[in-house]
Every structure is written in structure tokens, then in C-alpha cells.
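Asks: Turn this into a structure:
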Amino acid sequence: MLFRSLHFLAAIALSADAFAPKSTFVRPSKFALQASSKPLTELCEITKEACDVVAPLLKEMYSQIKIGTGTSDTALFKSDATFFTIADGIVQHMFIEYLFGGEKFHEIVGEEDDSIVNILETPYTVDSLVVPEEFEELISSTLENVKALASKIDQTAYSDMTIFVDPIDGTREFATGKGDKVTILVGYNDAEGIPAAGIIYRPLTEPAQWASGSKREEFTDGVLDLAVEPNPKG
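Replies: Alright, predicted model coming up:
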């Protein structure tokens with residue numbers, strides 16, 4: 001699948017220093033990062049903020065998700081036998097239509113490009129699925145926060161860049177109680193199609209674990225729970 005490669009895409013964009021064997025990677029100070037002079041750094045930081053914003057929504061849906069084959073309110077099988085969840089569709093919609101939408105980027109590519117999402121009028125829907133009413137207030141507040149972040153993205157700095165969004169990499173894991181395996185993946189390619197920056201974010205761990213960066217701007221950031229001594233056998 002194309003979006004499995006986002007793991008690889010994002011890893012290329014990151015400096016190897018971000019994955020050095022240590023117990024925790026702590027983000028650099030704000031003083032050390034002048035985001036305004038480093039557009040990819042700024043983009044990574046805004047994307048990370050967006051991941052923080054949608055994480056409570058994902059956690060709430062994850063806590064109540066039902067496994068089903070079309071009879072559940074919140075999940076059904078896709079044709080490739082992986083779970084497509086309401087959360088997957090809503091997060092992608094918020095990112096593509098609101099956070100990154102407009103004319104700011106050359107192209108935006110999402111995994112669920114054919115999904116039809118309504119989060120403006122209740123009842124909210126994702127394709128044929130009706131979003132349970134208990135999620136409506138949280139979805140609405142999350143959307144407003146995403147819109148606020150969108151206003152922070154420079155309107156011209158990224159016009160030649162392509163974004164790849166996988167809102168929930170590991171939808172089956174999401175729907176079967178293996179949330180620590182779930183990630184939000186966002187990668188940025190330059191005009192030549194070369195990975196320029198990216199973020200890997202685990203929204204369902206406590207605390208959230210993530211790594212972002214851009215090698216060309218010598219930027220790495222993140223909080224990772226890494227082994228002190230690497231285990232080559234996994």
C-alpha cells in the first residue's frame with residue numbers, strides 16, 4: 001500500500017540523530033529554533049500541534065470503538081479486509097480540507113480520497129456511516145482548533161510542495177485494541193518529489209510519542225520511548 005511507505009518517507013526526511021539509542025529524545029528549546037526562517041521546521045511544528053489537537057478525539061473514539069462487519073456504528077470492513085473507521089475519515093478530512101486546504105500546497109494526497117465526510121451539519125457522517133451523537137461536540141471543537149492552526153501556515157512558502165497524509169496508519173490495530181501501534185503519518189515532498197520533511201505521531205500512547213524533522217534544515221524534534229540499548233532482533 002502506498003501509505004505504508006510513509007514510514008519510509010518520513011524516516012528519510014528525519015536526521016538519524018532523532019533515532020539515536022537513548023531512553024528519551026527531548027525536543028530542543030524554542031530559542032534554538034527560529035521557525036520563521038526555516039519554513040519546513042515551522043510546517044513540522046504546526047503539523048505536530050494539529051496532531052495534538054486531534055489526539056483527544058481519536059482517544060475518545062478508540063475507547064468506544066466497536067469491531068464489526070458493517071453492523072457496528074463506528075467501523076466496517078473495507079474491501080481489502082482492513083478496518084475503515086469514522087476516525088480515519090474525519091481526521092483526514094480535517095487535515096486535507098481545513099488544515100492544509102486552499103491554495104497553500106501544490107497537491108495533497110490522502111489515503112481515503114474517495115471518502116465523503118460531513119462534519120458541518122448533524123448528524124455527522126462518513127460515507128454511509130452516521131457518527132454517534134456523543135462525538136458531535138468533540139468533533140466540532142476539534143474542527144475549530146484545526147481551523148485556527150490553518151491560519152498559521154504561510155500562504156505562499158509551500159506552493160510547490162506535495163503533502164501525503166495517512167490519518168490512521170494501522171486502522172485494524174485501532175479497531176482491535178492495539179492503539180500503541182497506531183500512527184498519524186504526514187510527509188512533505190519538494191517540487192522534485194524528494195521527501196523534505198515529515199512527522200510520525202502516536203496519538204494513543206500515554207504520553208503521545210512522536211518524531212518530526214527535516215534533514216535539509218538540520219531539524220529534529222520529538223519524544224520517543226527508546227531502549228537504552230538497541231535490540232537488533234526487535
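
Asks: buried residues in the helix or strand hosting residue 46?
Replies: Using DSSP states H and E, the element containing residue 46 is helix 39-64. Across helix 39-64, burial judged by 16 or more other Cβ atoms under 10 Å covers 39-48, 50-51, 53-55, 57-62. C-beta coordinates here come from the backbone N, C-alpha and C atoms, glycine included.

Asks: Would you give the sheet partners of the helix or strand containing residue 210, along with the direction of each?
Replies: Assigned by DSSP H and E, residue 210 belongs to strand 209-214. Paired neighbours of strand 209-214 in the sheet (DSSP bridges): strand 195-202 (antiparallel), strand 219-223 (antiparallel).

Asks: Please work out the angle formed by the directions of the helix holding residue 46 and strand 195-202.
Replies: If you take axes from the mean of the first three to the mean of the last three Cα atoms, to 10 degrees, helix 39-64 sits at 30 degrees to strand 195-202.

Asks: helices and strands around helix 39-64, which ones?
Replies: helix 86-93, helix 136-150, strand 183-189, strand 195-202, strand 209-214, strand 219-223 (3 or more Cβ pairs under 8 Å, 6 or more residues apart in numbering; DSSP states H and E).

Asks: So for this protein, the centremost residue is which one?
Replies: For the chain, the residue lying nearest the average C-alpha position, counting by Cα atoms, centre = their mean, turns out to be residue 184 (3.2 Å).

Asks: That one and residue 160, how far apart?
Replies: 24 Å (Cβ to Cβ, to the nearest Å).

Asks: Pop out the phi and psi values for the residue lying closest to residue 89 once chain neighbours are set aside.
Replies: Spatially, and ignoring its direct neighbours in sequence, residue 89 is nearest to residue 126 (3.8 Å; Cβ to Cβ, 6 or more residues apart in numbering). Main-chain dihedrals, residue 126, degrees, to the nearest 10: phi -130, psi 110.

Asks: Just confirm residue 126 contacts residue 114, I think it does.
Replies: No. With contacts counted by Cβ atoms under 8 Å, residue 126 stays clear of residue 114, the gap being 11.5 Å.

Asks: Neighbour count: those two, which is higher?
Replies: Neighbours per residue (other Cβ atoms under 10 Å) separate residue 126 from residue 114, with residue 126 holding more: 23 against 7.

Asks: pLDDT score for that one?
Replies: pLDDT, residue 126: 89.

Asks: and what of residue 135?
Replies: Predicted confidence (pLDDT) for residue 135: 91.

Asks: Return the residues in contact with it.
Replies: 57, 60-61, 86, 124 (Cβ atoms under 8 Å, 6 or more residues apart in numbering).

Asks: same thing with residue 143?
Replies: So residue 143 contacts 94, 98, 119 (Cβ under 8 Å, 6+ apart).

Asks: Skipping adjacent residues, who's closest to residue 86 in space?
Replies: residue 126 (4.8 Å).

Asks: ditto for residue 54
Replies: Of all residues not flanking residue 54 in the chain, residue 91 sits nearest, at 5.2 Å (Cβ to Cβ, 6+ apart).

Asks: Next one, pLDDT for that neighbour please.
Replies: pLDDT, residue 91: 95.

Asks: Please apply the same query to residue 63.
Replies: 81.

Asks: Return the distance of it relative to residue 154.
Replies: 36 Å.

Asks: Is residue 102 part of a helix or strand, or is it coil?
Replies: Under DSSP: H, G, I helix; E, B strand; the rest coil, the three-state class of residue 102 is coil.

Asks: Which residues are in contact with it?
Replies: Residue 102 sits in contact with 150, 155, where contact means Cβ under 8 Å, 6+ apart.
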